[in-house]
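J.: turn this into a structure:
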Amino acid sequence: MTILVTGATGTVGRQVVAQLVERGARVRALSRSPEAAAARLPASVEVAYGDLAVPESLAPALEGVTGLHLITFGGGSDGQAPLQTGRELVALAEKAGVSRVSVLSGWDESSVEEALRSGSVGWTQVRCVEFMANAFDWAPSIRAEGVVRVFGDHPGAVVHEADIAAVLVTALGEEGHAGRSYALTGPQALTPAQRVRILGEALGREIRFEELSEEGYRASMRACGVDEDMIEFGVQLGTEPPEESSVVLPTVEQVTGRPGRTFAQWATEHAAAFAPEISR
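T.: Residues are numbered from 1 along each chain as shown. Got it, this is the predicted structure:
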């Protein structure tokens, strides 16, 4: 059985590929830059060209594929816009004989989920409120100043990217997950200040936490060139985060049979990314 993984070099996609390889699956990775992708993936992984925003380009990559992992973005010049090609992608998958699809969904439903709901392929949806990997955004200020500045110190049940991948891989490799929508969290709801403290423990040094005012947050985002719509979205999250963001769910363990990884584990695994430049 061959499984085609889209977004294969992304934060979650790399984990999906690695875990499928560990299970002995035949993995094909889709990329708009196959040579660059091949250098970042296990040697056993076949890399095929394809652009999710240009559906017809996927036809060769789908040959012989029975399982497919889909992402819901890949449009626009930067590849970050929501896909508008879901109907065409799902039609190609059905024509190729794909029998299982997993989808990593974002905040809003895209054309991909809409097409799958009306299609004939068995599919599983995975949703997450926030990734542990979002802490990488703090790395520059930690390395340079030993400080993290955040607007809104609300708890979030952040989830490890390896656990997200584990649920997706289970859905692709085992029966009983078609038609299911899984909301994933980590095993703890932690505020940014608590996560910063845990990162400091992993690094063996103190990291300061500074909570920004709304005015300070707006100014810092504008200085980085962030557009006003995104700033307003950030303000909304910082003042009134969704209730579900702090609710710990048992889904990871229920689906995979093992407890979700903690943020302390994540911090230990990635401590080198936060170390001062002089020691890296």
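
J.: give me the pLDDT value at the closest residue to residue 192 other than its chain neighbours.
T.: For residue 192, ignoring the flanking residues on the chain, the nearest one in space by Cβ to Cβ, 6 or more residues apart in numbering is residue 150 at 4.5 Å. (Glycine included, C-beta is placed from N, CA and C.) Note on residue 150: pLDDT of 96.

J.: check residue 143 too.
T.: Here, the pLDDT recorded for residue 143 equals 96.

J.: then residue 78?
T.: pLDDT, read off for residue 78, is 63.

J.: same check on the one 4 residues further on?
T.: The model reports residue 82 with a pLDDT of 90.

J.: also residue 74?
T.: Per-residue confidence at residue 74 stands at 80 (pLDDT).

J.: please name the residues that touch the nearest residue to it once chain neighbours are set aside.
T.: In this structure, residue 74 finds its nearest non-sequential neighbour in residue 52, 3.8 Å apart by Cβ to Cβ, 6+ apart. Neighbouring residues of residue 52 by Cβ atoms under 8 Å, 6 or more residues apart in numbering: 6, 30, 58, 71, 74, 75, 83, 85, 89.

J.: of the residues you listed, which is the most crowded?
T.: Per-residue neighbour counts (other Cβ atoms under 10 Å) across the contacts of residue 52 peak at residue 30, which has 28 neighbours.

J.: what does the helix or strand hosting it contact?
T.: Per DSSP states H and E, residue 30 falls inside strand 26-31. Contacts with strand 26-31, where a contact means Cβ under 8 Å, 6+ apart, come from 1-9, 13, 17, 20-21, 37, 41-42, 44-50, 52, 58, 61, 65.

J.: could I have the buried ones of those residues as PyMOL selection syntax?
T.: In PyMOL, this line selects whichever of those come out buried by 16 or more other Cβ atoms under 10 Å:
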select buried, resi 2+3+4+5+6+7+8+9+13+17+20+21+37+41+45+47+48+50+52+58+61+65
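
J.: look up how far residue 59 lies from the residue lying closest to residue 82 once chain neighbours are set aside.
T.: Counting by Cβ to Cβ, 6+ apart, the nearest residue to residue 82 once its immediate chain neighbours are dropped is residue 110, at 4.8 Å. Remark: distance between residue 110 and residue 59 (Cβ to Cβ, to the nearest Å) = 21 Å.

J.: quick one: secondary structure of residue 88?
T.: helix (DSSP: H, G, I helix; E, B strand; the rest coil).

J.: residues contacting it?
T.: With contact taken as Cβ under 8 Å, 6+ apart, residue 88 is in contact with 55, 56.

J.: quick one on the thing from earlier: ok, the residue nearest to residue 192 touching residue 207?
T.: No: counting by Cβ atoms under 8 Å, residue 150 stays clear of residue 207, with 11.8 Å between them.

J.: from residue 19, how far out is residue 250?
T.: To residue 19, residue 250 is 20 Å away according to Cβ to Cβ.

J.: neighbour count winner among those two?
T.: Neighbours were tallied for residue 250 and for residue 19 using other Cβ under 10 Å; the higher tally belongs to residue 19 (19 against 11).

J.: got phi/psi on that one?
T.: Phi and psi for residue 19, reported as degrees, to the nearest 10, are phi -70, psi -30.

J.: any idea how far the residue nearest to it when sequence neighbours are not counted lies from residue 272?
T.: Leaving aside its chain neighbours, residue 19 sits nearest to residue 169 (4.6 Å; criterion: Cβ to Cβ, 6+ apart). Going from residue 169 to residue 272 by Cβ to Cβ gives 26 Å.

J.: the two: which has the busier surroundings?
T.: Each of residue 169 and residue 272 has its neighbours counted (other Cβ under 10 Å); residue 169 has more, 25 against 10.

J.: sorry, back to before: what's the following helix or strand after the strand holding residue 30?
T.: Using DSSP H and E, the helix or strand that follows strand 26-31 in sequence is helix 34-38.

J.: quick check: mean pLDDT of that next one?
T.: For helix 34-38, mean pLDDT is 96.
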